[in-house]
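Asks: Quick one, structure for this:
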Amino acid sequence: MERKKRNGAEVFRITGARKGLAEDVRGRERRYVISMGIRTLSVILTVVLWNVERPVAIVTLVVGALLPYVAVVIANAGRESTPSLPSHFIPAPVRPALDPGNLKKSSDQS
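Replies: Predicted coordinates for the structure are as follows:
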């Protein structure tokens, strides 16, 4: 169980519950910004290394070209799944049937 401070009050997280929507969006935004930072660095490295180390510059160019697609796919991925949460469906209790020999007829016993 994780405790966090929010507006001065302690908030407890149930271990099986999934993240809140705001926290999920913040995490996806963070991953996207980190990917775009790596892309920016790879494009700068491409420019700096083009006349010095051409094969490395080509690799950084390819990384810089492919990373936006990967970053968008990762950022737009759906919310996490929660397969371990219990179902809200409660089945009806099983009641065993009585054998015909155990039934007593009250109308016949007068």
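
Asks: And the contacts of stretch 57-73?
Replies: Stretch 57-73 has contacts (CB atoms under 8 Å, 6 or more residues apart in numbering) with 31-32, 35-36, 38-39, 42-43, 45-46, 49-50. C-beta: built from backbone N, CA, C; applies to glycine.

Asks: and stretch 9-21, what's its mean pLDDT?
Replies: Across stretch 9-21, the average pLDDT comes to 67.

Asks: Can you get me the start-to-end distance on it?
Replies: For stretch 9-21, the first-to-last residue distance is 19 Å (CA to CA, to the nearest Å).

Asks: And the closest residue in space to Val43 that isn't next to it in sequence, how far from Ile38?
Replies: Spatial nearest neighbour of Val43, excluding adjacent residues (CB to CB, 6 or more residues apart in numbering): Gly64 at 4.4 Å. For Gly64, the distance to Ile38 equals 9 Å [CB to CB, to the nearest Å].

Asks: do the same with Val48
Replies: Val48 sits 15 Å away from Ile38, going by CB to CB.

Asks: do the same with Leu45
Replies: Using CB to CB, Leu45 is found at 10 Å from Ile38.

Asks: of the two, who's got more company?
Replies: Leu45 (18 against 14; other CB atoms under 10 Å).

Asks: contacting residues around the more buried one?
Replies: By CB under 8 Å, 6+ apart, the contact list for Leu45 reads 56-57, 60.

Asks: ok, back up a step: closest one to Glu23 out of the contacts of stretch 57-73, please.
Replies: Here the nearest of these to Glu23, counting by CB to CB, is Arg31; it sits at 12.9 Å.

Asks: does that closest one really touch Ala75, like I thought?
Replies: Yes: counting by CB atoms under 8 Å, Ala75 is a contact partner of Arg31 at 6.2 Å.

Asks: ok, the two, which is more surrounded?
Replies: With neighbours defined as other CB under 10 Å, Arg31 and Ala75 compare such that Ala75 has more, 17 against 14.

Asks: Pull the contacting residues for the residue nearest to the more buried one when sequence neighbours are not counted.
Replies: Among residues not flanking Ala75 along the chain, Tyr32 sits closest, at 4.1 Å (CB to CB, 6+ apart). The neighbourhood of Tyr32, defined by CB under 8 Å, 6+ apart, consists of 71-72, 74-75.
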